[in-house]
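> Here's a sequence, model it:
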Amino acid sequence: MYPASYRGALFFADYARRCIWFMEPGAGGVPDPARVQFFGATVASGDYAGPVDLEFGPSGDLFYVDLVPGTSTGTVRRIGYLGPIARAAVDKTDPGLGETVQFSSAGSRGDTPTFAWDLDGDGQFDDSNLASPTRSYSTAVNVTVRLKVTDALGSAVSAPIVVRPGNTRPVAAIDAPGASLKWTPGQNVAFSGRASDADEPGLGGSSMSWSVLLQHCPSACHVHTVQSFAGVESGSFTLPDHELPYYLELTLTVTDARGATDVKTVKLDPTVRLKVQSDPPGVPLSLDGASSTDPLESTRKTGTPRAVSAPEAYGDLRFDGWSDGGAPSHSLTPAEDTTLVARYRGPPPQAPLPPPPPVLPGLPQTLDRTPPRLSVAAKRRQPTLRTRVVSVAVRCPDEACTARASGTLKVGARSAAKAPGPTRKALAGQRITLAVRLSAKALKAARRGAASRRRVTLALSIVAKDAAGNRTTARRTVELVR
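Modelled structure (predicted):
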């Protein structure tokens, strides 16, 4: 037997979404596509099996067959109506005296159900038969409220709700440790906190309980209990080791004399992030065995030695030192999130060229085939996802030139769009700014990539041309952020 709302309905399922819906009948008893309702999800045991077939059995019960992705494992399951469900909710559990409290039966189910409330805590369901009644209380005494839902197959009683009229909820506060703590497995960490309550000025350690949970998240997170403490304001525990990725949650729960609680949690991360990049950008660097001309980032457990390496020369550039003062190749053990910069210096500036000799009549001229010198400066991270523009400063130190900038948008390692830029003229030594503007399509792709936590960059190409047509090209990579 099913509730009346399901009778004559068309049931259908989606394997990928692992859900079942039903289409209520419309005029003439024909299923109406405008009256589709969600029936339920089919994930039963964490195996992410999806329904592949729906069938009605001889007794009228609905059956479905599920299949675990990538396997031949499946299960036949029966969907039966087991009677009504009672769920009670309240808009406030600690109202003021005389304040109106709104109750709700939302989420309750039944075949033409009726409702009965016990709103005064006397155990009798005789205070209201409305689906969503209201009540006010004049006495500062806890009241246990329940809802009974009844249909043709029986009745069900909701979980109790405790209403505490005239009560002020307590407030919990964790003083130590803070979320910024970078810790090493085996380290002993002290914790402390406070409890306060306007109704109970003396609320202290006896009202406090602590728990330390380890969240292990290889895909979906699961919890390991590390330790718990009851009735103390402070204490200490030893930080555990575990397979990455994982983190700890230190939770403080404060409970007042009438049972109201407040919960505060601090997340403790056992990892340190190390990022390396070059100045100017584009020099190939190594971090923990990985190499790239783009900035590198790696996360390891706190206390793990890390290896970085930079070439002593790259093209015309010479190594000028790491920001931590280390050698070109060295190890370090960062205690907090750190960004290391490998600094490089260019060749010494050239002396100005003497002016060319005058051209004598009747003598052939010597063609100038020397490409112009080009100086380029661009911030390595620019808020282009907000401004839509990447800016680069350009200068031709020795002569007038025409400069042009363009770029290729990359989302992760994939090229997503081209970004043409402007062409401008500059006098000798004059510094000009070229602005490469993303198209609406490119900006959309960049924002979508950033939202999915992929690195978004613009690979710039800057071309300078002198009066004789000689060209010089420089390249820079800019990370696009908000």
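> For stretch 189-207, what is the distance to the chain centroid?
Its chain's C-alpha centre and that of stretch 189-207 lie 33 Å apart, by CA atoms, centre = their mean, to the nearest Å.
> Just the buried positions in that stretch, please.
Residues of stretch 189-207 classed as buried: 189, 191-197, 200, 203, 207 (neighbour count, 16 or more other CB atoms under 10 Å). The way it works is simple: take the backbone N, C-alpha and C, and place the C-beta from them, glycine included.
> Of all pairs in these, which one is the farthest apart?
For the buried residues of stretch 189-207, the maximum inter-member distance is 29.2 Å, found between 189 and 200 (CB to CB).
> thinking again about what came up before, which member of the buried residues of stretch 189-207 is positioned nearest residue 315?
residue 189 (48.3 Å).
> hey, what's residue 331 bridged with?
Note on residue 331: beta-bridge partners by DSSP bridges are residue 307.
> Poorly predicted segments of the stretch 251-400 of the chain, please.
Applying pLDDT under 70 to the stretch 251-400 of the chain picks out residues 348-368.
> one step back: mind putting the buried residues of stretch 189-207 into a markdown table with distance to residue 284?
Below are the buried residues of stretch 189-207 laid out as a markdown table (distance: CB to CB, whole Å):
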| residue | distance to residue 284 |
| --- | --- |
| 189 | 40 |
| 191 | 45 |
| 192 | 48 |
| 193 | 49 |
| 194 | 52 |
| 195 | 55 |
| 196 | 56 |
| 197 | 60 |
| 200 | 64 |
| 203 | 60 |
| 207 | 58 |
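> Go through these and flag which are in strands.
189, 191-196 (DSSP state E).
> Just confirm residue 448 is within a helix.
Yes. Checked against DSSP: H, G, I helix; E, B strand; the rest coil, residue 448 lies within a helix.
> pLDDT score for the nearest residue to it once chain neighbours are set aside?
Spatial nearest neighbour of residue 448, chain neighbours left out: residue 411 (7.7 Å); criterion: CB to CB, 6 or more residues apart in numbering. On the pLDDT scale, residue 411 is placed at 90.
> Need the buried residues of stretch 189-207 in a markdown table (columns: pLDDT and distance to residue 442).
Shown next, in a markdown table, are those (pLDDT from 0 to 100; distance: CB to CB, whole Å):
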| residue | pLDDT | distance to residue 442 |
| --- | --- | --- |
| 189 | 94 | 47 |
| 191 | 97 | 49 |
| 192 | 97 | 51 |
| 193 | 97 | 50 |
| 194 | 96 | 52 |
| 195 | 96 | 54 |
| 196 | 95 | 53 |
| 197 | 95 | 56 |
| 200 | 92 | 60 |
| 203 | 90 | 57 |
| 207 | 96 | 57 |
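> Residue 104: which of these is nearest?
residue 197 (27.8 Å).
> can you map out the strands along the stretch 301-450 of the chain?
Under the criterion DSSP state E, counting those that start in this stretch, the stretch 301-450 of the chain carries strands at the ranges 306-309, 313-314, 317-322, 329-332, 338-345, 375-377, 381-382, 389-395, 401-411, 414-419, 423-426, 431-437.
> just curious, which of the buried residues of stretch 189-207 is nearest to residue 396?
Using CB to CB, the buried residues of stretch 189-207 come closest to residue 396 at residue 189, 58.2 Å.
> residue contacts, the closest one?
By CB atoms under 8 Å, 6 or more residues apart in numbering, the residues touching residue 189 are 177, 181, 183, 236-239, 268.
> sec struct for the nearest residue to residue 33 once chain neighbours are set aside, please.
In space, and not counting its chain neighbours, residue 33 is closest to residue 23: 6.5 Å by CB to CB, 6+ apart. Under three-state DSSP, the three-state class of residue 23 is strand.
> pLDDT score for residue 23?
93.
> ok, it touching residue 30?
No. Judged on CB atoms under 8 Å, residue 23 makes no contact with residue 30 at a distance of 9.6 Å.
> what about the two, which has more around it?
The residue with more neighbours, out of residue 23 and residue 30, is residue 23; 18 against 10, by other CB atoms under 10 Å.
> could you list every residue that touches that one?
Taking CB under 8 Å, 6+ apart, one finds 9-12, 31-33, 35-37 in contact with residue 23.
> let's go with 6 Å and repeat that
Each residue near residue 23 by CB atoms under 6 Å, 6 or more residues apart in numbering is listed here: 9-10, 31, 36.
> how about these in a markdown table, adding distance to residue 332?
Shown next, in a markdown table, are those (distance: CB to CB, whole Å):
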| residue | distance to residue 332 |
| --- | --- |
| 9 | 65 |
| 10 | 65 |
| 31 | 67 |
| 36 | 59 |
